[in-house]
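Student: just the structure for this:
(one chain, ligands or ions: 1)
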Amino acid sequence: MTEILDNVRRELDRLELPDGGTVISRDMVRAMRLEGGEVRFVLEAPSPEMARHMEPLRAAAERAALSVEGVTSAQVALTAQAPEAPAPTLKVGRHPEGGSASIRPSGVRSILAVASGKGGVGKSTVASNLAVALAREGRRVGLLDGDIHGPSLPRMMGVTERAQSPDGKILTPLEAHGVKMMSIGLMIEEDRAVVWRGPMLMGALQQMLSQVDWGELDVLLVDLPPGTGDVQLTLCQRAAPTGAVVVSTPQDVALLDARKAIDMFNTLKTPVLGLIENMSMFHCPQCGYEAAIFGHGGVAQEAERLGLPLLGALPIDLDTRLGGDEGRPVALGDGPVSEAYARLADRLVQGGMA
Ligand SMILES: Nc1ncnc2c1ncn2[C@@H]1O[C@H](COP(=O)(O)OP(=O)(O)OP(=O)(O)O)[C@@H](O)[C@H]1O
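Tutor: Numbers count the residues shown, from 1 in each chain. The predicted structure follows:
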């Protein structure tokens, strides 16, 4: 299936635009899906004015998709980016307000923290894929990037637009792959560093929870920074999360830090719902050889020791890395990793957590 969609994209990349580039290189294709042999996607024009002249391009895109083997029908819709809303006057990077008052958004049924002790274990990758898998199950999902110093979710979810605040008070979340999302990365330029102390980090989290129009959500996933710092403290003390899932690799050094994260959640009385092992095995796609690059079974043993469920085990996988870099989480496709995320999502839904 992924191959068919890749071929469709390849064909679309031949559709040249009068002012240069193609619909792919100009990033105009949205929400591409394949069901049975039917391909559907949206062509997004930069403005309503341009969309009015794009019917021939839309028809050409349909023909291009239909020319791909395995595609039996194609439906392409035209849309246009809304005229630019006023730039947010909302100032980010304030100190937190309101003492210990709740900052939990009222329409959100469940808040799940996605945490890790150590950095780089794949927490944001798991959060973005889990969000997509839950949305594919029909859940109303939000994804909040709590990693304020190193926001990576905009890139992983393929969102490049800036967040807007039509009234200067409340930010509108951006939407990608059926998930509403908010990140400091949507408010500052990508290569600008956030050089903030603890109180400003806590203030930013407060703003992203209580000054964002999250609407009605079944679940809001909060991708926490690694470790046990101010953001974790604020979330647990003021937003009453339903629980936390802790991501770790099977490596000893990562497990050691995961134990500290679990200890922190216990201290803050936030239930730890289970552990997720990431980068558990590498299956060589060429020769079938299996290598336990970061060790094997460590997270399962740790979960058993702590009496916590092992919610899932995800392999080291090239498509996972590529999907993260390209802004198309691997859980959008089909294949063993996408199925593993679907099982993880299902488990959380069945358990009433998402
Ligand atoms: N299962 C996997 N297979 C292959 N690559 C992976 C996997 N999980 C994560 N990665 C890659 O590892 C890198 C780190 O992942 P990610 O940013 O999700 O980690 P993180 O724990 O959120 O890091 P930090 O919190 O320190 O920013 C990314 O390049 C990501 O694509």
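
Student: gap between the most centrally placed residue in the chain and residue 47?
Tutor: The centroid of the chain falls nearest to residue 128 when counting by C-alpha atoms, centre = their mean (2.5 Å). Distance of residue 128 to residue 47, computed by C-beta to C-beta, to the nearest Å: 29 Å. All C-beta atoms are positioned from the backbone trio N, CA, C, and that covers glycine.

Student: mind checking the SS state of the spatially closest residue to residue 345 that is not a sequence neighbour?
Tutor: Residue nearest to residue 345 in three dimensions, not counting chain neighbours: residue 133, with 3.8 Å by C-beta to C-beta, 6 or more residues apart in numbering. Reduced to three states with DSSP: H, G, I helix; E, B strand; the rest coil, the structure at residue 133 is helix.

Student: contacts only, for residue 341.
Tutor: 129, 130, 132, 133, 312, 314, 330, 331 (C-beta atoms under 8 Å, 6 or more residues apart in numbering).

Student: list the contacts of residue 161.
Tutor: Counted by C-beta under 8 Å, 6+ apart, residue 161 has contacts 174, 186.

Student: okay, and it sits in which element?
Tutor: Here residue 161, judged by DSSP states H and E, is contained in no helix and no strand.

Student: could you measure from it over to the ligand?
Tutor: Separation of residue 161 from the ligand (C-beta to the nearest ligand atom, to the nearest Å) stands at 21 Å.

Student: can you check residue 325 too?
Tutor: For residue 325 relative to the ligand (C-beta to the nearest ligand atom), the value is 6 Å.

Student: that residue should be in a helix, yeah?
Tutor: Yes: Residue 325 forms part of a helix when assessed by three-state DSSP.

Student: the closest residue to it other than its chain neighbours: neighbouring residues, count only.
Tutor: Leaving aside its sequence neighbours, residue 325 sits nearest to residue 155 (C-beta to C-beta, 6+ apart; 7.3 Å). Counted by other C-beta atoms under 10 Å, the residues lying close to residue 155 total 18.

Student: before we move on, the earlier item: tell me the mean pLDDT over the helix or strand encompassing the residue nearest to the centre of the chain?
Tutor: If you go by DSSP H and E, residue 128 is part of helix 123-136. The average of the pLDDT scores along helix 123-136 is 98.

Student: and that helix, how far out from the chain's middle?
Tutor: Using C-alpha atoms, centre = their mean, to the nearest Å, the mean C-alpha position of helix 123-136 is found 5 Å from that of the whole chain.

Student: same question for stretch 180-188.
Tutor: Relative to its chain's centre, stretch 180-188 lies at 11 Å (C-alpha atoms, centre = their mean).

Student: contacts for it next, please.
Tutor: Residues from elsewhere that reach stretch 180-188 (C-beta under 8 Å, 6+ apart): 88, 92, 131, 141-145, 148, 151-155, 157, 159, 161-163, 171, 173-175, 194, 204, 208, 212, 214-215, 217.

Student: list only buried entries from those residues.
Tutor: 88, 92, 131, 141-145, 148, 151-155, 157, 159, 162-163, 171, 173-174, 194, 204, 208, 212, 214, 217 (16 or more other C-beta atoms under 10 Å).

Student: settle this for me: the residue nearest to residue 325 is touching residue 328, isn't it.
Tutor: No: the criterion here is C-beta atoms under 8 Å, and residue 155 misses it with residue 328 at 11.0 Å.

Student: what residues does residue 7 make contact with?
Tutor: Contacts for residue 7 were tallied using C-beta under 8 Å, 6+ apart; they are 68, 69, 70.

Student: ok, the residues you listed vs residue 269, which is closest?
Tutor: Proximity of the contacts of residue 7 to residue 269 (C-beta to C-beta) peaks at residue 70, which lies at 52.1 Å.

Student: among the contacts of stretch 180-188, which are in helices?
Tutor: If you go by DSSP state H, the contacts of stretch 180-188 have 131, 153, 154, 155, 157, 204, 208 in helices.

Student: residues in contact with the first one?
Tutor: Translated: residue 131. By C-beta under 8 Å, 6+ apart, the contact set of residue 131 is 141, 142, 143, 157, 177, 179, 181, 221, 329.

Student: now render these as TSV, adding distance to the ligand.
Tutor: What follows is these, written out as TSV (distance: C-beta to the nearest ligand atom, whole Å):
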residue	distance to the ligand
141	18
142	18
143	13
157	12
177	16
179	16
181	15
221	12
329	10
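
Student: who does the helix or strand of the chain with the lowest mean pLDDT pair up with?
Tutor: Ranking every helix and strand in the chain by mean pLDDT, DSSP states H and E puts strand 290-291 at the bottom, with a mean of 78. Next to strand 290-291 in the sheet, as set by DSSP bridges, lie strand 272-283 (antiparallel).
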